[in-house]
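In: Requesting a structural model of the entry that follows:
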Amino acid sequence: MDILDEAIVKQLLKDAKTTYRQLSKDLDISLGTVNKRIKRLEKEDVIQKYSIVADYEKLGYSVEVLIFLKISQAKFDELSKEILKSENVHIIFNMTGDWDAIILARFKEKQELSKFVKWLQKSPYVKESNTRLIFETLRR
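Out: The predicted structure is shown next:
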């Protein structure tokens, strides 16, 4: 991956709807070069998918939380497969430090959150959990 590939990826990270024509113009390269490079970046899995950033509040998900977990030894993979079945879970981070994992989840109502946390705490793989409400999300 060279500096031109990085420039293409950075532009697409800002706006995944950027057209090949616009990339060609912005980066002062031919349309064919843009096409070939993006196809290669997709094939090499540098570009894995194109997505949007949604306003979850407007979609009715007013309860956004981080759930910190301490997990029984070597059970992250098994537990994460079960957790990811929930449509409310958006990301799970496997990490070092005081906590083994952090879940980013969004719920429409506090009752949904309560039910999910109680389900988590019943898991034989979860030793401890700590839920934090997110007040505001800032993006670059």
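
In: Mind listing what's buried along stretch 67-76?
Out: 67-69, 71, 76 (16 or more other C-beta atoms under 10 Å). For the C-beta atoms, the positions are set from N, CA and C on the backbone; glycine is no exception.

In: what's the answer for stretch 26-40, then?
Out: Buried, per 16+ other C-beta under 10 Å, within stretch 26-40: 34, 37-38.

In: from the buried residues of stretch 67-76, which is closest to R106?
Out: I67 (11.4 Å; C-beta to C-beta).

In: And the pLDDT at that closest one?
Out: Model confidence at I67, given as pLDDT, is 98.

In: For it, which non-adjacent residue is spatially closest?
Out: Ranked by C-beta to C-beta, 6 or more residues apart in numbering and with sequence neighbours excluded, the top spatial neighbour of I67 is I103, at 4.3 Å.

In: and the one you found, what is it in contact with?
Out: Shown in contact with I103 (C-beta atoms under 8 Å, 6 or more residues apart in numbering): 65-67, 69, 83, 89, 91-93.
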